[in-house]
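**Student:** following is a predicted model, sequence given first.
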Amino acid sequence: MTSHKTLGVDISKKKFDVALLCNGKLKNKRFTNDPKGFDLLLQWLTQHEGLEAHVCLEATGIYGEALSEHLYDSGLKISVVNPARIKGFAQSELLRNKTDKTDAGLIARFCHAMQPQLWSPLPKEIRQLRDWVRHLEALQGMRQQEKNRIEAASEVIKEHLIRHIDYLDTEIKQIKSLINQHIESHPSLEHRKNLLTTIPGIGEATIGVILSEFGDIARFKNAKALSAYIGVAPRIRESGSSLKGRSTMSKTGRSQLRKAFFMPALVALRYNPIIVELKERLTKAGKSKMAIVGAAMRKLVHLIYGVLKNGVPFDEKFA
């Protein structure tokens, strides 16, 4: 009878630590967070008869995505868990020391004790779209940085910056075209895009983020769960007399997702009848401008969820 093995992974931007737990004993190793490190991990697991291990890592944004997908595609069982669950488990163990090595061991023990549900990645076409959309975001960020530099640049450098911006403009245009072609070549993506375009305030850039980052909307129990995933769910602060009852944005999701909904919310506050009505009501209630923007972001998420979940275009009469 094969003993149950678990592999805890503590991951960061450039490296990750692993702890293989078998029969109460831990084997530790560190790898670089890149394709070479992923392959070396598989070789190490082979040497230690760990290819049947249940792998567990925390949901820490984009740093663990590539590794999770690589291990899943290699046939390993993966669980990606909320860091709060790991923290609670650490408290139950009265764990005091905290290092990357001990964190990996903690995660391995958590996996062994709790047997968290298995994770599977987004479909391949959505992962490919996600890579295109994130690359587009990076190029647009580079373009904005170069534009900001022009103001203080000398004439010699200014020429170089202008040429670089022209190059980035060409690349951005090409990536946008590739994104559209990719969506059009997959009927399910194109159908969802057509539904999203019916929501006032949701433009092409936001649609790309929604289609590439959310996957199948059915994996979210409700619109509140989707709001929490993005990080726009409200959080009530009740400690201290001056803050009692004040609602703030949770900001627990990926920052780029929240950023993707900021400008659409501003547009929706002007042109989306549902959100215009929300703005008027909250203004009368004395809410601040930023609180109203946050509410508009959450309402947009609810509209998106409803349209995609029900498979029908936006209709203000039923929103």
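**Tutor:** Ah, there it is.
**Student:** pLDDT wise, what is residue 213 at?
**Tutor:** Per-residue confidence (pLDDT) for residue 213: 87.
**Student:** go on, residue 89?
**Tutor:** At residue 89, pLDDT is 90.
**Student:** can you pull out the low-pLDDT segments for the stretch 51-200 of the chain?
**Tutor:** 94-100 (pLDDT under 70).
**Student:** so what's residue 227 closest to, chain neighbours aside?
**Tutor:** Of all residues not flanking residue 227 in the chain, residue 233 sits nearest, at 4.2 Å (C-beta to C-beta, 6 or more residues apart in numbering). Bear in mind the C-beta positions are built from the backbone N, C-alpha and C, glycine included.
**Student:** now do the same contact list for residue 136.
**Tutor:** 172, 175-176, 179, 208 (C-beta atoms under 8 Å, 6 or more residues apart in numbering).
**Student:** element containing it, please.
**Tutor:** Using DSSP states H and E, residue 136 sits in helix 124-150.
**Student:** so how far is stretch 9-18 off the chain centroid?
**Tutor:** Averaging C-alpha positions (C-alpha atoms, centre = their mean, to the nearest Å) puts stretch 9-18 18 Å from its chain's average.
**Student:** now do it, average pLDDT.
**Tutor:** 94.
**Student:** you'd agree residue 78 is in a strand?
**Tutor:** Yes - under DSSP: H, G, I helix; E, B strand; the rest coil, residue 78 sits within a strand.
**Student:** that one and residue 56, how far apart?
**Tutor:** 8 Å (C-beta to C-beta, to the nearest Å).
**Student:** what's the answer for residue 129, then?
**Tutor:** 27 Å.
**Student:** ok, residue 127 next?
**Tutor:** Noted for residue 127: a distance of 21 Å to residue 56, by C-beta to C-beta.
**Student:** the two - which one has more neighbours?
**Tutor:** residue 56 (27 against 14; other C-beta atoms under 10 Å).
**Student:** hey, what's the more buried one bridged with?
**Tutor:** residue 8, residue 79 (DSSP bridges).
**Student:** next up, the contacts around it.
**Tutor:** By C-beta under 8 Å, 6+ apart, the residues touching residue 56 are 6-9, 78-81, 107-108, 110-111, 116.
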